[in-house]
Every structure is written in structure tokens, then in C-alpha cells.
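Student: Test case, fold it:
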Amino acid sequence: MATELLDWITTLDQEVAALLARLDADPAARRLYDGATTASEYAAFLEQIYHYVRWTRPLCAHAGARLAARCVGHASETSAADGRVILAPLLLRKAEEESGHEQWALDDLAALGRDSEAVRCAEPAPATQAYIAWNRYTVEAGAPEAFLGTAYVLEALSARRAGDAAARLVARARIPGIAGAVRFLRGHADADEGHVRELAGLLATIPCPDAREAILLSARVTRTLYPDMIAGALAGAARKSAAATRREAPSHVSLAAPREP
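Tutor: Sure, this is the predicted structure:
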């Protein structure tokens, strides 16, 4: 059983590795993590961050409440004995830890001179909408513990990429105001490494196959959607900037004398 549980965490880590490989292979995402992205691309990244992160606290809180309700008063039953009972307080605590993190993204956007209210009112990208819909389904009607698969993948990503990305963005200083616009990246780089270790330690104690399957499925869904949520937004911003440059470029005017008819 111990070997099986260890293999299960290794499988989760393989989902993280697959996400990192896909992002590293994407030119727009690589520019972001190398600190070479443009202001419009970075703003597009932060906008999608805001739209999905604002759901983290309510999703964690609802998942924790549902899981706790399933286990309360049933310590001798399978629902508690399968190990999921320890995940309820974890989810509720994560809800508190994540409170206000969407404001970090808005603060970063404000430091770039972006209109926070316009960002709030904007429609999320299609992949971001799919991410929100999937996680709302699992939390509200499916297996509430599944949200921890999403959390594991995204916190591992932050632990491995966010700190370096913030440092490189500031060091390269290609974006006006960037030194005051990396609060979200730095905040998650500082916290998420410890979060991943804690989460891995707890998940390694969950023997229930159904719980592990639900958590792993959400990890895979997130690993699949995230590149389109972020890299897709970056690429879209780059296309818009290129189109605007073409529109603003002066048309060629010939100074040659007209030919005689």
C-alpha cells in the first residue's frame, strides 16, 4: 500500500511535468517566464489570472464544506475511514489562505496603468471559462476533493516558475512600471513551495481509489486547459499589438513624378 500511495503522488508530479514541458515549448509562455514579454502580453496574462483566481477561495470553501458534511458523525463509515476526512479542513484553510489573491493581480494591472474595473467586467477567455466551469462542477456536484488536483498542479507551477519569472521581468525592465507589478508572481512563489509539500504529504495518505482518481482527473484537466488560458492569452495580445502596429503605420506615398498619359 505504501508503494502504491507513493506511485500515486509520482503520477500527480508527472502531470506537473507535462504542463511545464508544454509551457516551455510555447513561444509566448517562454517569453513571459524569461522576462522578455511585452506590456500587453503581461497584462493579458494578469487578466486571466484575475478571472480564475477569484474563484479559488469560494471553490475551496464550498469543497471543504461539502466534504466535511459527508464525514461529520460517520467516523466509522467508509466516507471517513478512506482518508478524505482530513481533506476538509485543508480545503477550508486554503480558502482563507487564498482570500484576496485576485486583488494582487488587479494591483499589478493598476501598476501597469490598466483599468481594474474594465478587467472585472471583461469576459474570461474561453479556456478560462472552461476551467471555471469544470471546477465548479466538481466542487458543487461532483467529488469536492477533486479541486485539490487543480490546486496541486497550479501551486507546483508557481513554485517552479513564478519567482524566476518575477525576477527576470524586473531585471530586464522592458515593461514600464514592472517593478511594482509582480506582486502576484512573487506572492505565490514565496508561498506555494510549502503548499505543494504539505499537499503532497496529505494526499499521500489517501488510500481511497475514487478520491485519487477524482483528484488526478482534475489535475489532468487543469494541465490541459492552463496553456490555452495563459499562453493563448499572451499570443492573442501579441496578435492584437501587431495588428495595431500595422494600422498605425503610415501608408507608402510615392514621391516620383506621375507619368505622362
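
Student: Work out for me the element Pro124 sits within.
Tutor: In the assignment (DSSP states H and E), Pro124 maps to no helix and no strand.

Student: do you know how far Asp34 is from Asp190?
Tutor: 21 Å (Cβ to Cβ, to the nearest Å). For every residue, glycine as well, the C-beta is placed using N, CA and C.

Student: Nearest residue to the middle of this protein?
Tutor: Centroid-nearest residue in the chain, with Cα atoms, centre = their mean: Leu154, separated by 5.2 Å.

Student: can you tell me the helix or strand for it?
Tutor: Taking DSSP H and E as the criterion, Leu154 maps to helix 147-157.

Student: right, and the helix or strand after that helix?
Tutor: Following helix 147-157 in sequence order, the next helix or strand is helix 163-172 (DSSP H and E).

Student: residue boundaries of the helices in the stretch 1-150 of the chain?
Tutor: For the stretch 1-150 of the chain, applying DSSP state H, counting those that start in this stretch gives helices covering 2-24, 27-34, 39-53, 56-71, 78-81, 87-97, 101-111, 116-121, 126-140, 147-157.

Student: in the longest one, what counts as buried?
Tutor: It stands for helix 2-24. For helix 2-24, the buried set under the neighbour-count rule, 16 or more other Cβ atoms under 10 Å, comprises Leu5, Trp8, Ile9, Leu12, Asp13, Glu15, Val16, Leu19, Leu20, Arg22, Leu23.

Student: Report the angle between that helix and helix 27-34.
Tutor: Angle of helix 2-24 versus helix 27-34, following axes from the mean of the first three to the mean of the last three Cα atoms, to 10 degrees, is 100 degrees.

Student: And for helix 2-24, what's in contact with it?
Tutor: Outside helix 2-24, the residues within contact range by Cβ atoms under 8 Å, 6 or more residues apart in numbering are 29-30, 33, 149, 152-153, 156-157, 160-161, 200, 203-207, 212, 215-216, 219-220, 222-223, 226-227, 230-231.
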